[in-house]
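# got a sequence here, can you build the structure:
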Amino acid sequence: MVKSRGPVWHKKQKDQNIIPKGLTGVDRQATWGKSAYDGWIYGHGTFCLVSHKIPMIGAFRWMPNSGNEAKKMEVEVEKYAGIIKRVFMDSKADDQKIYFNLKKNFQIQLVTKTRRNMDKSESRKRMIREIMTPMNICDYKERSITVEPMQGLTKNIFELDNCWMRGNDSNRWIFAAMGIAMQMSQWKAYLNNQSTFEIKSDVLGI
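Okay, here's the model as predicted:
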């Protein structure tokens, strides 16, 4: 989640489409979303896919701050059917429909953190059994050093504490451009047997 450029438009007023007098430069298309780390944020969201064995961005895209991250993941990884075998996501992806759709129609194994005390149905029990293999558990833990830092790296390189621009369309293309710049520099680093994290100077050309 990235804070909007300009002032915050409080939810009650936004829901009524009321801009208080004197509130100028507000991003009218930004939305409210809640982060477990930062709390409620008014702004735009980023969606990031990262390869697991070689820490490298596979996609970095705009999404609504209020959007459903798990459903966005489902749509994005379907494009990689036949290329990837497993996809890892946090507990937001604990959804049986998403799980069995990816497995049945795209032969992709979803590995996620399942909610407690939800093993009531046989299909749910099957899902949990298939997820909780020793290999899946081990690889899921590695997300903390291979996958999760990538959002922070991108945010740090481009100083994305706040959006650069206002509006969905503007942020859509600028986020995509950031993702491509990251991919190019990380691919170059990988070919040179260098760290795919130490790329800030190459991305920024400094």
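
# any idea of the mean pLDDT for stretch 113-130?
Averaged over stretch 113-130, pLDDT sits at 86.

# buried residues, that stretch. List them.
For stretch 113-130, burial by neighbour count (16 or more other C-beta atoms under 10 Å) applies to Thr114, Arg124, Met127. Every C-beta, even on glycine, is put in place using the N, C-alpha and C of the backbone.

# ok, now stretch 129-144?
Ile131, Asn136, Asp139, Tyr140, Arg143.

# so the fourth one touches Val111, yeah?
In this case it means Tyr140. Yes - between Tyr140 and Val111 there is a contact at 5.5 Å, judged by C-beta atoms under 8 Å.

# overlap in contacts, those two.
Phe88 (C-beta atoms under 8 Å, 6 or more residues apart in numbering).

# show me the contacts for the closest residue to Ile19 other than its chain neighbours.
Closest residue in space to Ile19, ignoring its immediate chain neighbours: Val26 at 6.3 Å, by C-beta to C-beta, 6 or more residues apart in numbering. In this structure, Val26 makes contact with Ser4, Gly6, Pro7, Val8, Trp9, Ile19, judged by C-beta under 8 Å, 6+ apart.

# what's the weakest-modelled helix or strand in this protein?
In the chain, the helix or strand scored least confidently by mean pLDDT, DSSP states H and E is helix 143-146, which has a mean of 87.

# mind giving me the packing neighbours of that helix?
Using 3 or more C-beta pairs under 8 Å, 6 or more residues apart in numbering; DSSP states H and E as the contact test, no helix or strand touches helix 143-146.

# contacts for it next, please.
Residues contacting helix 143-146 (C-beta under 8 Å, 6+ apart): Val50, His52, Lys53, Pro55, Phe88.

# got those residues as TSV, with distance to Lys97 and secondary structure columns?
Converted to TSV, these look like this (distance: C-beta to C-beta, whole Å; DSSP: H, G, I helix; E, B strand; the rest coil):
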residue	distance to Lys97	secondary structure
Val50	24	strand
His52	24	coil
Lys53	28	coil
Pro55	30	coil
Phe88	18	strand
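
# the strands in this protein, which residues?
Here the chain has its strands, by DSSP state E, at 2-3, 31-35, 39-51, 56-64, 86-88, 109-111.

# rank these by mean pLDDT and give me the bottom one.
strand 31-35 (a mean of 89).

# for the most centrally placed residue in the chain, what are its contacts?
Closest to where the C-alpha atoms of the chain average out (C-alpha atoms, centre = their mean) is Phe47, at 3.1 Å. Phe47 makes contact with Ala59, Phe60, Arg61, Trp62, Met63, Glu69, Lys72, Met73, Glu76, according to C-beta under 8 Å, 6+ apart.
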